[in-house]
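Enquirer: Got a sequence here, can you model it:
(chains A and B)
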2 protein chains.
Amino acid sequence: MPKPCTYPFSRRIRATPRSFIREILKVTEHPDIISFAGGLPSPAFLDAPGVSAAAESVLREDGCAALQYSTTEGYLPLREWIAERYHSRLGLDVDPDEILITNGSQQILDLLGRIFLNEGDPVTIEAPGYLGAIQAFSQYMPRFCPVALENEGPDPVEFTRVLREDNPVFYYAIPNSQNPSGITCTSRRRKEVASLLADRETLIVEDDAYGEIRFNGDHLPSYRSLIADRALLLGSFSKIVAPGLRLGWLCAPEAVIEQAVTAKQASDLHSNILAQRILCRYLAENDIDDHIAKITRGYAEQCSLMIRLMEELFPQEVRFTRPDGGMFLWLTLPEGASAMELYERAMKEKVAILPGTPFYTDGGGDRSVRLNFSNADGEKIRTGISRLAGVMEKYIPETDHEKSGD
Amino acid sequence: MPKPCTYPFSRRIRATPRSFIREILKVTEHPDIISFAGGLPSPAFLDAPGVSAAAESVLREDGCAALQYSTTEGYLPLREWIAERYHSRLGLDVDPDEILITNGSQQILDLLGRIFLNEGDPVTIEAPGYLGAIQAFSQYMPRFCPVALENEGPDPVEFTRVLREDNPVFYYAIPNSQNPSGITCTSRRRKEVASLLADRETLIVEDDAYGEIRFNGDHLPSYRSLIADRALLLGSFSKIVAPGLRLGWLCAPEAVIEQAVTAKQASDLHSNILAQRILCRYLAENDIDDHIAKITRGYAEQCSLMIRLMEELFPQEVRFTRPDGGMFLWLTLPEGASAMELYERAMKEKVAILPGTPFYTDGGGDRSVRLNFSNADGEKIRTGISRLAGVMEKYIPETDHEKSGD
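Expert: Numbers count the residues shown, from 1 in each chain, chains lettered A, B, ... in the order given. Prediction:
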């Protein structure tokens, strides 16, 4: 009999939260469950024939280069495309050498944790904040200093206090259609944040995964345009082309890129060069603006359908955000209600939602729910929201009762 | 004028060695230089048409799934293929749940550092040892406890002493055709190592990047077959299919896989699923044994040509290993000679070699040189080795002179 075996796991990995979402997603993957719990783009906008044509060209014309080892920084023509798009879309002046290609923007979060965070270092994150960032940074055992996210952006009073008292290494933000809340930080609040950061060492990490998917209103100024040398900008092809390609990027001053390249090289040498070349070819051969417009229209319709149904069917006490882009919206249940209890009751009716607690680093969120509107089509949204309304109709009055019994 | 900006980089990234190789490779990339400095497979064995056919099938039949988010563990049919091959090739009994797909085996090195190493933890590595492992582990600021690599494997006296005095968390080894030395650890030495580890907590990390590329002799027992619950086995498709796909794997007990999955998810969610599905299709549609036999024959010829020329043309005082597989061999210059000086002189003659110092964590290697024989064809090997012999013919006597003048 082999002796029982234990392994000497690091403090770091023991400090990294298991993904609660991952466990939930396993349960909600069954085909008879309507899921608003995940964060997947719509399959309707994954252009397999377009990618296939690009793959065929790349492997025919540059097969050897696409299959060989490549540079850590990433494929230069792809970095040039990104720089050029920043210029044409946002008026940003970016050099391709200020761009590092990574395995989706998740890898940037890991690399930023790695190159900036010593154990115990203060880091500011929105509350609620993106779970993937909380997981990535947790591995480096920082001290989270959350700032409440209001409808206009981070609470300026809390933000000022955190800057003064905690002096965070960086402030991690998703200013456009935030995950999980769907909130877009206003132009005015961005300028306020930028001016508060101006005289400080605190960096801003601006995760712009959803900036291209904007239903209403103009594109708002990037922090890079407000405080270029303190702003680290993250982008992703997951929402505008395909997440399976696992390609994103960091746009940052060259001194930061240089360290991130060292970390990336030690991590996995370089990102998939076949995927980089296929993507670059795809972008050259297709009208990406047209494609993004289609995605945006589709998600806008799904989002507004979901909101219309919620307004019509949900109990009045349930509040929710009205996103102007992205893939998520955020419910707040009345006092006394539990998102976890709602999740369990909803699962019995075969509809999956995501309770809000994992999006907070310091507790909270137990009355919050994230709903994804990008992955389910109109019919599923209708069926799922009406099932959820049925669950709420029964559950919410019970909680009111419990509350009045306090 | 923007004020000059400094960034608060972590101690970790400041402890990570810049890749000396990377800097050298930049210099040696010019097309008129014959390079034995890199570590690239031969372009002759990158099967672009085969990969293209697989890509076409995958995107036509499973396009949506290949472009969508996927699981952190990796594509199940690919993990099943790997488990089945372990069984058929090495007689190992592996469950697909004991396999995690990663971005090449480099990512495993990072993940293992992450899940096992606290700052200051002892880690044993061969001297010389694989540079990518030194870089990956360095990020977690361990204390390296190197053990000299002899022709039969790690020096058993040193290994015993290190186990007793330092009690390393793990011993990192490349038993088959090691990078950089080309040495294969004998069957007897493996058993000795395994029996020394049997009563201890020290794990063995067995990097088997080159095991499939074996010119002479049978396949030798894997540590997994000798001490299954302490052995973490690494594999890679980079040498047998294509490095550009960036796909490798960890084969380990499920308790280890579970932590590695948490770390991988926080790192980059999952490996490129398009590449995983293309590779899996490629493996199903092609005779991989035949392909590996071709690669092995090709590298065997290139290696034996290089050795024959070195025997014929190099000064007698220059010693070198005779690999029975893999992609590298290892020169030792006579006392008084400097590999760095040889590198510089060789570059003037447009031939690139790799000095040995970065392969040591505690100094040493200044008379060592790594040569790659997989990437250059016969003509380049002939020209390059004869140029290098010319440089040595002039340089080595000078160093003898210097030595006698000590």
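Enquirer: Pick out the residue closest to the middle of chain A.
Expert: Nearest residue to the geometric centre of chain A (Cα atoms, centre = their mean): A:Asn179, 4.9 Å.
Enquirer: how would you label that one: helix, strand or coil?
Expert: coil (DSSP: H, G, I helix; E, B strand; the rest coil).
Enquirer: Tell me the confidence at it?
Expert: As predicted, A:Asn179 sits at a pLDDT of 98.
Enquirer: Contact partners for it?
Expert: A:Gly39, A:Tyr130, A:Ala209, A:Tyr210, A:Gly326, A:Met327, A:Phe328, A:Arg370 (Cβ atoms under 8 Å, 6 or more residues apart in numbering or on different chains). Where you see a C-beta, it was placed from the backbone N, CA and C, and this is true even at glycine.
Enquirer: Over to A:Pro43?
Expert: A:Asn375, B:Cys64, B:Gln68.
Enquirer: what's the closest non-adjacent residue to the second one?
Expert: The spatial neighbour of B:Cys64 that comes closest, neighbours along the chain excluded (Cβ to Cβ, 6 or more residues apart in numbering or on different chains), is A:Pro43 at 4.7 Å.
Enquirer: Over to the last one?
Expert: For B:Gln68, the nearest residue in space outside its immediate sequence neighbours is A:Gly244; the separation is 5.4 Å by Cβ to Cβ, 6+ apart.
Enquirer: After whatever helix or strand A:Lys264 lives in, which helix or strand is next?
Expert: A:Lys264 belongs to helix A:254-268 when assigned by DSSP states H and E. Toward the C-terminus, helix A:254-268 is succeeded by helix A:273-285 as the next helix or strand (DSSP H and E).
Enquirer: any idea how far that next one is from the chain center?
Expert: 23 Å (Cα atoms, centre = their mean, to the nearest Å).
Enquirer: what inclination does that helix have with respect to helix B:273-285?
Expert: Here the directions of helix A:273-285 and helix B:273-285 differ by 120 degrees (axes from the mean of the first three to the mean of the last three Cα atoms, to 10 degrees).
Enquirer: can helix A:273-285 be found next to chain B?
Expert: Yes - Helix A:273-285 reaches chain B (Cβ under 8 Å from any Cβ of the partner chain) through A:Ile273, A:Leu274, A:Ala275, A:Ile278.
Enquirer: how about the host helix or strand of A:Ile21: buried residues?
Expert: Using DSSP H and E, A:Ile21 maps to helix A:20-28. Residues of helix A:20-28 classed as buried under the neighbour-count rule (16 or more other Cβ atoms under 10 Å in any protein chain shown) are A:Ile21, A:Arg22, A:Ile24, A:Leu25, A:Thr28.
Enquirer: Does chain B have contacts with the worst-scoring helix or strand of chain A on mean pLDDT?
Expert: In chain A, no helix or strand scores lower on mean pLDDT, DSSP states H and E than helix A:20-28, which sits at a mean of 71. Yes - interface with chain B: helix A:20-28 contributes A:Arg22 (Cβ under 8 Å from any Cβ).
Enquirer: Report the spatially nearest residue to whatever residue of the stretch 51-200 of chain A ends up closest to chain B, omitting neighbours in sequence.
Expert: Closest approach between the stretch 51-200 of chain A and chain B, counting by Cβ to the nearest Cβ: A:Gly63, at 2.4 Å. Once flanking residues are discounted, A:Gly63 sits nearest to B:Ala48: 2.4 Å by Cβ to Cβ, 6+ apart.
Enquirer: Return the set of buried residues in stretch A:375-392.
Expert: A:Asn375, A:Ala376, A:Ile381, A:Gly384, A:Ile385, A:Arg387, A:Leu388, A:Ala389, A:Val391, A:Met392.
Enquirer: I meant to write stretch A:64-74 there.
Expert: Neighbour count says stretch A:64-74 has A:Ala65, A:Ala66, A:Leu67, A:Gln68, A:Tyr69, A:Ser70, A:Thr71, A:Thr72, A:Glu73, A:Gly74 buried, by 16+ other Cβ under 10 Å.
Enquirer: before we move on, what about stretch A:269-286?
Expert: In stretch A:269-286, the ones that count as buried by 16+ other Cβ under 10 Å are A:269-283, A:286.
Enquirer: which one of these sits closest to A:Pro168?
Expert: Closest to A:Pro168 out of these is A:Ser271 (28.7 Å), distances taken as Cβ to Cβ.
Enquirer: quick one: contacts for that closest one?
Expert: A:Gly74, A:Ile101, A:Thr102, A:Asn103, A:Gln107, A:Arg246, A:Leu247, B:Asn103, B:Arg246.
Enquirer: Now tabulate those in TSV and tack on distance to B:Arg143, secondary structure and pLDDT.
Expert: Formatted as TSV, these follow (distance: Cβ to Cβ, whole Å; DSSP: H, G, I helix; E, B strand; the rest coil; pLDDT from 0 to 100):
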residue	distance to B:Arg143	secondary structure	pLDDT
A:Gly74	34	coil	97
A:Ile101	34	strand	98
A:Thr102	30	strand	98
A:Asn103	30	coil	97
A:Gln107	28	helix	98
A:Arg246	34	coil	97
A:Leu247	37	coil	98
B:Asn103	27	coil	97
B:Arg246	30	coil	97
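Enquirer: Please report phi then psi for A:Val123.
Expert: Note on A:Val123: its backbone torsions stand at phi -140, psi 130 [degrees, to the nearest 10].
Enquirer: So it sits against A:Phe144, correct?
Expert: Yes - between A:Val123 and A:Phe144 there is a contact under Cβ atoms under 8 Å: 5.8 Å.
Enquirer: out of the two, which sits in the busier spot?
Expert: In terms of neighbours (other Cβ atoms under 10 Å in any protein chain shown), A:Val123 is the more surrounded of A:Val123 and A:Phe144; the figures are 27 against 19.
Enquirer: where along the stretch 251-400 of chain A do the strands fall?
Expert: A:319-320, A:328-332, A:351-352, A:354-355, A:368-372 (DSSP state E, counting those that start in this stretch).
Enquirer: Mind checking those strands for the one nearest to chain B?
Expert: strand A:368-372 (11.9 Å).
Enquirer: Return the closest of the residues of helix A:273-285 next to chain B with respect to B:Tyr343.
Expert: Nearest member of the residues of helix A:273-285 next to chain B to B:Tyr343, counting by Cβ to Cβ, is A:Ile273, at 27.6 Å.
Enquirer: so where is chain A shaky, pLDDT-wise?
Expert: A:1-5, A:19-20, A:28, A:400-406 (pLDDT under 70).
Enquirer: Could you chop it up by domain?
Expert: A:13-46+A:290-399, A:48-285 (automatic domain parsing).
Enquirer: Give me whichever of those domains is most buried.
Expert: domain A:48-285 (a mean of 21; mean count of other Cβ atoms under 10 Å in any protein chain shown).
Enquirer: if you skip the residues just before and after it, what's nearest to A:Arg89?
Expert: A:His219 (7.0 Å).
Enquirer: Dump the C-alpha coordinates for stretch A:318-333 into PDB.
Expert: Coordinates of each C-alpha in stretch A:318-333 appear next as PDB, following Å, rounded to 0.1, in the frame of the first residue of the first chain:
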ATOM      1  CA  VAL A 318     -35.500  44.600  -6.600                       C
ATOM      2  CA  ARG A 319     -33.300  47.300  -8.100                       C
ATOM      3  CA  PHE A 320     -30.900  46.800 -11.000                       C
ATOM      4  CA  THR A 321     -28.400  48.700 -13.100                       C
ATOM      5  CA  ARG A 322     -29.200  49.800 -16.700                       C
ATOM      6  CA  PRO A 323     -25.900  49.200 -18.600                       C
ATOM      7  CA  ASP A 324     -24.900  51.200 -21.700                       C
ATOM      8  CA  GLY A 325     -22.600  48.400 -22.900                       C
ATOM      9  CA  GLY A 326     -20.900  45.200 -22.000                       C
ATOM     10  CA  MET A 327     -22.300  41.900 -21.000                       C
ATOM     11  CA  PHE A 328     -23.600  42.200 -17.400                       C
ATOM     12  CA  LEU A 329     -26.100  43.800 -15.200                       C
ATOM     13  CA  TRP A 330     -26.400  43.900 -11.400                       C
ATOM     14  CA  LEU A 331     -29.400  43.300  -9.200                       C
ATOM     15  CA  THR A 332     -29.800  44.400  -5.600                       C
ATOM     16  CA  LEU A 333     -32.300  42.500  -3.600                       C
END
